[in-house]
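# how would this look folded up:
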Amino acid sequence: MTHNIRVSVKPAYIEQQSQPAEHRFVYAYTITIDNQGDVPAQLIGRHWVIRDADEKKQEVRGIGVVGEQPHLPPGKRFTYTSGVILDTETGIMEGSYQMKTEDGQLFDVPIPAFALVPPHAIH
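Model (predicted):
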């Protein structure tokens, strides 16, 4: 948690859209960004590092999330769902959000690493 901004993630394997024979594994992930602090903050940008089981790395940088730059007053949260396609059945994602306070202070909030694993592969 940075500046009392908490990020939680729920990944889900999308079997209907995946095509294992074609090396296409589709995941959705739902992110909740919760401002547990006393200062309003706005999400400005994102940075993702995505690795598949073969250690192939993708980096994604962009403005906002799902076309938005949500403003989070204290006590408020923002939830969104996005997705990723891997060439291998499993992978891992991590990253950070760039946030800005009302007085213009920029800070990064880490997104903890999370595994992308289909239910049948969990032991």
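# For the residue of the chain most remote from its centre, which three-state class applies?
Distance from the C-alpha centroid of the chain peaks at A21, with 26.7 Å (Cα atoms, centre = their mean). Three-state assignment for A21 (DSSP: H, G, I helix; E, B strand; the rest coil): helix.
# same check, this time on Q16
Look at Q16: counting by three-state DSSP, its state is helix.
# Check the gap between it and R24 for me.
Q16 sits 12 Å away from R24, going by Cβ to Cβ, to the nearest Å. C-betas here are computed from N, CA, C, even on glycine.
# Looking at these two, which is more packed in?
When neighbours are counted by other Cβ atoms under 10 Å, Q16 and R24 differ, and R24 comes out ahead with 12 against 6.
# And the pLDDT for that one?
The confidence metric pLDDT takes the value 97 at R24.
# Now do the same contact list for Q42.
69-72, 99-100 (Cβ atoms under 8 Å, 6 or more residues apart in numbering).
# do E89 as well
Listed by Cβ under 8 Å, 6+ apart, the contact set of E89 reads 20, 25, 53, 117-118, 121.
# Distance-wise, check the residue farthest from the centre of the chain relative to Q105.
Where Q105 is concerned, A21 sits at a distance of 50 Å (Cβ to Cβ).
# Check Q19 too.
45 Å.
# what's around T88, how many residues?
Neighbour tally, T88, other Cβ under 10 Å: 15.
# quick one: low-confidence ranges for the chain?
Across the chain, the ranges flagged by pLDDT under 70 are 1-2, 123.
# Tell me where the protein has strands.
Secondary structure of the chain (DSSP state E): strands located at 5-13, 25-35, 41-52, 57-63, 71-72, 77-86, 91-101, 106-116.
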